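> Need coordinates for the below:
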Amino acid sequence: QVQLVESGGGLVQAGGSLRLSCAASGRTFSSYVMGWFRQAPGKEREFVAAINWSGGRIFYADSVKGRFTISRDNAKKTVYLQMNSLKPEDTAVYYCAADREWTMTRPDYWGQGTQVTVSS
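Predicted structure coming up:
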């Protein structure tokens, strides 16, 4: 069993930065692929970024490539999402997820979400 708790969301102006954190509980955190998803009002939840257990394999959605950086600290059981050059279209609820599979098509666990609002 893994529980995920996100933090770090907030209101920021366009061009600004935020860093999201996702703290996990459970003994097997390091065995999971960790990812970030987001859901904007009226839209479906979409994939943002994923990182494998070692951090050696990372994948980003095209919409955030070059602006967002995902990382993890297995000792702290925490995954991060550094978001730079934020745009109004990045406004969404951001969710942390854990999956045993790299594809993350059906994450095993989800956090409760944290709101990110980017003003123009």
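> alpha carbons only for contacts and neighbour counts from here, please
Fine.
> Need the residue closest to the centroid of the protein.
residue 36 (2.5 Å; Cα atoms, centre = their mean).
> Which element, helix or strand, includes it?
strand 33-39 (DSSP states H and E).
> List the buried residues in that strand.
For strand 33-39, a neighbour-count test (16 or more other Cα atoms under 10 Å) marks 33-39 as buried.
> Tell me the one among those nearest to residue 81.
Proximity to residue 81 was ranked across those by Cα to Cα; first place goes to residue 36, at 7.7 Å.
> what's the closest non-adjacent residue to that closest one?
residue 96 (4.7 Å; Cα to Cα, 6 or more residues apart in numbering).
> With residue 58 instead?
residue 51 (4.5 Å).
> how many neighbours does that neighbour have?
Applying other Cα atoms under 10 Å, we find 22 residues neighbouring residue 51.
> do residue 62 as well
Neighbours around residue 62, by other Cα under 10 Å: 11.
> try residue 22
Quick note: residue 22 (other Cα under 10 Å) scores 25 neighbours.
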